[in-house]
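Chemist: Okay, predicted coordinates and the sequence, questions at the end:
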Amino acid sequence: MCAQNSLIWPCHSFTDLICACSTNHAELSIIFAAPSHIPFLLAHSEKYPTLKTVVSLEVLDDDEKRVLTAWAKTKGLKFMDIEDMEEYGRAHLSEVITPTFDTPATICYTSVSDSSVG
């Protein structure tokens with residue numbers, strides 16, 4: 001699992017246009033989202049062809065996790081909560097990559113202000 005193209009989306013408003021523009025423009029494969037936004041992402045996942053994994057920013061109870069995992073699977077996606085992601089990270093440690101001046105670090109999206117984007 002590679003998180004080089006990822007998005008953390010803990011915001012309180014979540015619109016289809018913003019999600020589609022950001023996800024598709026950055027060719028995101030993984031999105032970290034607040035639990036309240038996960039149903040939206042799964043329901044509209046066909047609009048995000050590069051998306052492979054959705055991660056809840058909060059630990060979920062077993063019933064919630066089971067339901068969301070099953071739903072994600074029907075969409076061809078993997079679902080996990082932050083605790084699962086932390087376990088994955090511990091099990092798949094990688095060497096630290098020391099950044100240089102030409103090492104890209106992050107892309108930060110704000111709201112979409114140009115309706116012609118996406």
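Modeler: Cool, the structure landed. From a predicted model like this one, the values you see are computed outputs, not experimental measurements. Residues are numbered from 1 along each chain as shown.
Chemist: which secondary element of this protein has the worst mean pLDDT?
Modeler: strand 6-9 (a mean of 52; mean pLDDT, DSSP states H and E).
Chemist: where do the helices sit along this structure?
Modeler: With helices called from DSSP state H, the chain shows them at 16-25, 38-43, 62-74, 82-91.
Chemist: Please name the bridge partners of the residue nearest to the spatial centre of the chain.
Modeler: The centroid of the chain falls nearest to Ile31 when counting by CA atoms, centre = their mean (0.4 Å). Following DSSP bridges, Ile31 is listed with bridge partners Leu7, Val54.
Chemist: That one contacts Thr50, doesn't it?
Modeler: No - if you go by CB atoms under 8 Å, Ile31 and Thr50 don't touch, sitting 10.4 Å apart. (Glycine included, C-beta is placed from N, CA and C.)
Chemist: Overlap in contacts, the two.
Modeler: Residues touching both Ile31 and Thr50 by CB atoms under 8 Å, 6 or more residues apart in numbering: Thr23.
Chemist: any low-confidence regions in this protein?
Modeler: Low-confidence segments of the chain (pLDDT under 70): 1-19, 107-118.
Chemist: 80 instead, please
Modeler: Applying pLDDT under 80 to the chain flags residues 1-26, 105-118.
Chemist: Can you report phi and psi for the residue of it positioned farthest from its centre?
Modeler: Computed with CA atoms, centre = their mean, the residue of the chain farthest from its C-alpha average is Phe101, at 27.0 Å. Dihedral pair for Phe101: phi -60, psi -20, per degrees, to the nearest 10.
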